[in-house]
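> Next come a sequence and a model predicted from it.
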Amino acid sequence: MRTNIVHIGATELSYEIRGIVSVAEKIEKITEKPIIWENIGDPVQKGTKIPLWMKEIIQNAVQNDEVYAYSPTKGLKKTREFLAEKLNKEGYAQIDPEDIIFFNGLGDAVSKIYGFLRREARVIGPSPAYPTHSSAEAAHSGYPPITYKLDPDRNWMPDLDELYNKVKYNESIAGIMIINPDNPTGAVFPEEILMEIVSIAKKFNLFLISDEIYINMTYNGKGAVPLSKIVDNVPAISLKGISKEFPWPGARCGWIEIYNHHKKPMFENYIKSILNAKMLEVSSTTLPQYVIPEIMTHPEYKNWINERNQFYKKRSEMLFEIFSKVPGITFNPPKGAFYATIVFNEPLDKKMKLEIKHPVVRQYIEEICSNPNLSNDQRFVYYLLGAKNICVVPLSTFVTPLQGFRCTLLEQDDNRFIETYQTIADAIVEYYNSIKVYV
Ligand SMILES: Cc1ncc(COP(=O)(O)O)c(C=O)c1O
């Protein structure tokens, strides 16, 4: 072409969580055996039943013509008023309805937050990283993500010394990002840790981004501390949504709450640019915004959230029961969100394999795994797919040198959950032992 049309950050975009699906679908077709999907965090796809009272609220809402209209760019005023009042009643950062902007899911918010940041300004985020954030941030800059480590040997707590030093010695870092509760690790960060992050932001004049889509999905006995509680006077953005909590990911509805933007003119200009970008799209989806106040104030809402948290707690304990007996791995039972991350702490080898009985599948997987650029945990994940029809996501695709995989707590059926994870546990043992067995 006459001119290079490829964006400077194009190579930074990757989302293996869905990328692996085409391989899995091919295996499903060859084996005529369904894939057990443990890669995507969609509770509805994994069988969570939406309660009838919630469906009735939505059913009634669709009778109103106004839900078919565009909403104001920032989102429906009534809903923003409701959310601001709710936050203010909780006694944390005081916000105004005008400090809330709705998006078509947090995916949309994330791409604007990083997309409208000055190219040279960087946001440091956790590693392992949730790829929607890390890819969007890296793509905006044209360079790989800048990260601080979450330590699997310390229950996935952040390495604050590393964070401090990276911030101190890299002047391009303008912001710190956290996900609390975290995807992919399931960690919930205690208040002291969050306060340290806030104080680093204060000291170096940075802004904060806190993705709190799982903020009400905890089972650590204490809940998660929202940024609004500890943000003080630091300019910050909190991201919230209904994809996981209702759960209604297909609604494509999330919002940002902006704290302290009037205190820093540059931050305020940045927020204006995000709003102007949204204005070019007119508005976000109206129907889900319309029903948020009624759903969140329904007498069954709290029970619904508690019930699901109890379910994930049970799942987390079941996983601990299974994985605590497996040698060669580190497993921290998740305390929030609905993911688990297993780390291989013994080195993997390119010769390791699982027995794949189906000859066509075996040939297909061996062909994929002959690619020298594949990381060792990607090879494990492909062998697991080929041998057991189970689809998880390699940990190395979450911007980390750690090897392992991410899976979910979402399976509704107890027996199927246990069977799937016992199969994975046995597969890990077989994989480690395969060098001796197969060579
Ligand atoms: C931490 C985190 N943020 C944002 C999202 C995306 O949310 P949405 O469905 O609102 O785009 C996800 C989805 O998995 C997530 O895990």
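Perfect, thanks for sending it. Residues are numbered from 1 along each chain as shown.
> alpha carbons only for contacts and neighbour counts from here, please
OK.
> Please report how far the most centrally placed residue in the chain lies from the ligand.
Nearest to the mean C-alpha position of the chain, by CA atoms, centre = their mean, lies residue 183 at 4.0 Å. Per CA to the nearest ligand atom, to the nearest Å, residue 183 is found 5 Å from the ligand.
> Share the number of residues neighbouring the nearest residue in space to that residue that is not next to it in sequence, please.
Distances taken as CA to CA, 6 or more residues apart in numbering put residue 130 closest to residue 183, at 6.1 Å, once the chain neighbours are dropped. Applying other CA atoms under 10 Å, we find 20 other residues in the vicinity of residue 130.
> confidence score at residue 130?
With respect to pLDDT, residue 130 has a value of 94.
> Verify the stated contact: it with residue 181.
No - with contact defined as CA atoms under 8 Å, residue 130 does not reach residue 181; the gap is 11.9 Å.
> Near the ligand, which residues of the stretch 151-300 of the chain are found?
Neighbours of the ligand within the stretch 151-300 of the chain, by CA under 6 Å from any ligand atom: 179, 183, 211, 213, 241, 243, 249, 252-254.
> quick check, nearest of these to residue 118?
residue 211 (20.5 Å; CA to CA).
> List the residues that contact the closest one.
177-180, 238-240 (CA atoms under 8 Å, 6 or more residues apart in numbering).
> Contacts only, for the residue nearest to the centre of the chain.
If you count contacts by CA under 8 Å, 6+ apart, then residue 183 has 129-130, 337, 339 around it.
> Could you point out which residue ranges in this structure have low pLDDT?
10, 12-19, 436-439 (pLDDT under 70).
> What are the structural domain limits within it?
10-48+302-438, 69-296 (automatic domain parsing).
> Distance from the shortest one to the middle of the chain?
Same thing as domain 10-48+302-438. 16 Å (CA atoms, centre = their mean, to the nearest Å).
> and that domain, anywhere near the ligand?
Yes - on the criterion CA under 6 Å from any ligand atom, domain 10-48+302-438 is in touch with the ligand at residue 41.
> circling back: for the domains of the chain, please prepare TSV with the additional fields distance to residue 54.
Output for these, formatted as TSV (distance: least, CA to CA, whole Å):
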stretch	distance to residue 54
domain 10-48+302-438	10
domain 69-296	6
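> tell me which residues in stretch 357-375 are buried?
Under the neighbour-count criterion of 16 or more other CA atoms under 10 Å, stretch 357-375 has 361-362, 364-366, 368-369, 375 buried.
> meant to ask about stretch 275-294, not that
275, 278, 283-293.
> Pick the one among the contacts of residue 211 closest to the ligand.
Nearest to the ligand among the contacts of residue 211: residue 179, at 5.9 Å, using CA to the nearest ligand atom.
> host element of residue 30?
Element membership for residue 30, per DSSP states H and E: helix 21-31.
> Convert the C-alpha atoms of that helix to CSV, please.
Output of helix 21-31 as CSV, limited to C-alpha atoms (Å, rounded to 0.1, in the frame of the first residue of the first chain):
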residue,chain,number,x,y,z
VAL,A,21,-11.7,-20.8,20.7
SER,A,22,-11.0,-21.6,17.0
VAL,A,23,-8.7,-24.5,18.0
ALA,A,24,-11.2,-25.8,20.5
GLU,A,25,-14.0,-25.7,18.0
LYS,A,26,-11.9,-27.7,15.5
ILE,A,27,-11.3,-30.3,18.2
GLU,A,28,-15.0,-30.4,19.1
LYS,A,29,-15.8,-31.0,15.4
ILE,A,30,-13.2,-33.8,14.9
THR,A,31,-14.0,-35.6,18.2
